[in-house]
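Undergrad: next input, structure requested:
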Amino acid sequence: MLSNRFNRWTVAAIALMGTAIAVVPGAVLAQTPDHPSDTAAQFPTRNDLKALTTSGSYLAARHASVERDAASAAAFYRSALRADPKNNELLDRAFISSVADGDIDEAVKLAERILTIDKTNRVARLVVGVHDLKFKKYATAQTNINQSIRGPITDLVATLLSGWAAYGAGDAKGGVATIDKLAGPEWYPLFKDLHAGMILELSGKEKDAGVRFERAYKLDDSMLRITEAYARWLSRNKDSAAATTVYQAFDKKLARHPLIVEGLRDTKAGKKMPPLADSAQAGAAEALYGIGATLTRRGGEDLALVYLQLSLYLQPTHPLALLSLADLYESVKRPQMAIKVYERVPSSSPLKRNAQIQLAIDLDSADRTDEAIKILKGVTSEDSKDLEAIMALGNIERGRKKFGECGATYSQGVDVLPAGNDKANSVWYYYRGICEERSKQWGKAETDMKKALELQPDQPHVLNYLGYSWIDQGVNLDEGMKMIKRAVEQRPDDGYIVDSLGWAYYRIGNYEEAVKNLERAIDLKPEDPTINDHLGDAYWRVGRTLEAKFQWAHARDLKPEADELPKIEAKIANGMTEENSNSSAAQAEKKKDDGKGG
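TA: Predicted coordinates for the structure are as follows:
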């Protein structure tokens, strides 16, 4: 038996507004046992699991948990549990990992085993209760869900789910009464009125439902689902104009949300829109999604992950729950798992386009850039004025040094920018200017940089880029230096911009000031190889040759770009020569690829 002293490593209690729940291992990097090719170098296949000892499986599971790979953790814990079936610690961890991975059917089996040992385990009760609700076992669902209560968050969730279970059992009045009895924080009424309204709506009490929706809407007209529920009710029970007004008010707060755009289109066409939920299961999924999404935004990722996975267990294609889950994975820096979730968003959903854009961004971060570009080109071909998709495509091309392509892509966006001198348009000219400058079209780049400053005069990155470019070319020296200094004044802690100032001094031959500013840049960005190389050059120019060679050696060890490494090694061996002095200037130019620094 494994010692209980390991409990603190993967199963700990989290206090969230008075709520206690086991911390889940986190997001899944890749479903390794099912898809060994994803991380085959790290984890064994399912066949390999059979050969592992209990301790080996346990240690592998712990490593997977630290890596926030819930799928692998669950597989390894279950493997260890098969070898040691009476180990309650392994049972708990296998259960929590299965919930985190979204394998709710497996989690239910483990939860039932847990409840034979500990009837008070609240997470196990919740999971079994949701399973009962899914399969319309409403009486046992209420029993299990009610025993999962403790603290404001779980209290609210359990009460809403219990209300929906009562509705499913044919007792809508009792379900609403259960919700209405709940007392708690000032934000409770939003969820209570929304879900009581949805239950009343499905039970045929449209007038009473409208009262609840209107009350929730007056409490907070910025909540998407409240807005949708109320507008949909208005479209059926009042008139389309009233529903359109509600959608338009939200659109002024958050422009062009896909669900609001769809709602506006339908209400303007006079359509009577269906309720948000059409069953007890859909209503319960909506409750779990709503709380899960709220927790994700407030830093409660562990509990949010449980609720979102349970929501998707009840309604696997819930697009908002899918997007929230993917966003959660991105927040814990697991884009590969976010990719898998974005791929699940139904093609019929108005949110599919949003999912495609985020999917492409994550694919690029996973070095699947060709796939990312293909997806974004597909989105922009469907709507040539989709500025968000165009920007995402341009940014990926620029990040991958496809400067000719990104210049054309940003031009596509510039051509459809809304009329007016909106300062938000400045970034389009700035990014296009970078692509033009890096593809040797300085005339066009200079024009775009000036336009960017015209729209947003004090934008520090534009000031830095244009100012440095002038100094590097030996033109507009005074104005260029003033621009860089203005950039540094605004971003004194930006190592790239401070490096630009130091390198600008270097380029005009003021080596003492160069050293002063480059030392400051190193303090801000000590692990940047180019800044270290710059400081080495400046040290050499002021006669500090030993320090210069040390700085170059440090730059070499920080893994500079492949074509710069031999140049740095030549300076370490021979000091500054005319040839490698020129190469340093060329290297400074390369630093401008992403618009940061000189």
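
Undergrad: nearest residue to Gly210 in space, please, no chain neighbours.
TA: Trp233 (5.4 Å; Cβ to Cβ, 6 or more residues apart in numbering). Just so you know, the C-beta spots here come from the backbone N, C-alpha and C atoms, and that holds for glycine as well.

Undergrad: over to Gly407?
TA: Nearest non-adjacent residue to Gly407, counting by Cβ to Cβ, 6+ apart: Cys435, 3.7 Å away.

Undergrad: again with Asp472
TA: Of all residues not flanking Asp472 in the chain, Arg507 sits nearest, at 5.9 Å (Cβ to Cβ, 6+ apart).

Undergrad: burial of the one you found, as a residue count?
TA: For Arg507, the neighbour count with other Cβ atoms under 10 Å is 19.

Undergrad: go on, Ile117?
TA: Residues lying near Ile117 (other Cβ under 10 Å) number 12.

Undergrad: what do you get for Glu527?
TA: 11.

Undergrad: need the contact list for it.
TA: With contact taken as Cβ atoms under 8 Å, 6 or more residues apart in numbering, Glu527 is in contact with Leu558.

Undergrad: do you know how far it is from Glu578?
TA: 30 Å (Cβ to Cβ, to the nearest Å).

Undergrad: remind me which residues of the stretch 351-500 of the chain are low pLDDT?
TA: Across the stretch 351-500 of the chain, no stretch falls below the confidence threshold (pLDDT under 70).

Undergrad: rounded mean pLDDT for the one helix or strand Ile260 maps to, please.
TA: Using DSSP states H and E, Ile260 sits within helix 258-268. When pLDDT is averaged along helix 258-268, the result is 97.

Undergrad: from the contact counts, what lies against the next helix or strand after that helix?
TA: Using DSSP H and E, the next helix or strand after helix 258-268 towards the C-terminus is helix 280-297. On a contact count with 3 or more Cβ pairs under 8 Å, 6 or more residues apart in numbering; DSSP states H and E, helix 280-297 meets helix 122-134, helix 152-168, helix 188-202, helix 301-314, helix 319-331.

Undergrad: in CSV: those helices, plus mean neighbour count.
TA: What follows is these, written out as CSV (neighbours: other Cβ atoms under 10 Å):
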stretch, mean neighbour count
helix 122-134, 25
helix 152-168, 26
helix 188-202, 24
helix 301-314, 26
helix 319-331, 23
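
Undergrad: the residue nearest to Gly407 reaches Ser411, doesn't it?
TA: No. If you go by Cβ atoms under 8 Å, Cys435 and Ser411 don't touch, sitting 9.2 Å apart.

Undergrad: what does the pLDDT read for Ala60?
TA: For Ala60, pLDDT reads 82.

Undergrad: the one 4 residues further on too?
TA: What the model reports for Ala64 is a pLDDT of 79.

Undergrad: what about it, neighbour count?
TA: Other residues close to Ala64 by other Cβ under 10 Å number 28.

Undergrad: that one should be in a helix, yeah?
TA: Yes. According to DSSP: H, G, I helix; E, B strand; the rest coil, Ala64 belongs to a helix.

Undergrad: show me where pLDDT drops low in the protein?
TA: Along the chain, segments meeting pLDDT under 70 span 1-52, 579-598.

Undergrad: alpha carbons only: can I get the helix or strand containing Lys567 in CSV?
TA: Using DSSP H and E, the element containing Lys567 is helix 565-574. Extracted as CSV, the C-alpha positions of helix 565-574 are listed here (Å, rounded to 0.1, in the frame of the first residue of the first chain):
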residue,chain,number,x,y,z
LEU,A,565,26.0,31.4,-33.9
PRO,A,566,29.2,31.3,-36.0
LYS,A,567,29.5,35.0,-36.1
ILE,A,568,29.3,35.2,-32.3
GLU,A,569,31.9,32.4,-32.0
ALA,A,570,34.2,34.3,-34.4
LYS,A,571,34.1,37.3,-32.1
ILE,A,572,34.8,35.2,-29.1
ALA,A,573,37.9,33.8,-30.9
ASN,A,574,39.1,36.9,-32.7
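
Undergrad: for that helix, packing partners?
TA: Against helix 565-574 (3+ Cβ pairs under 8 Å, 6+ apart) you get helix 529-541, helix 545-557, helix 578-590.

Undergrad: now do the contacts for the residue lying closest to Gln412 once chain neighbours are set aside.
TA: In space, Gln412 comes closest to Ile390 once its chain neighbours are excluded; the distance is 5.5 Å by Cβ to Cβ, 6+ apart. Remark: with contacts taken as Cβ under 8 Å, 6+ apart, Ile390 is in contact with Thr380, Thr409, Tyr410, Gln412, Gly413.

Undergrad: thank you, goodbye.
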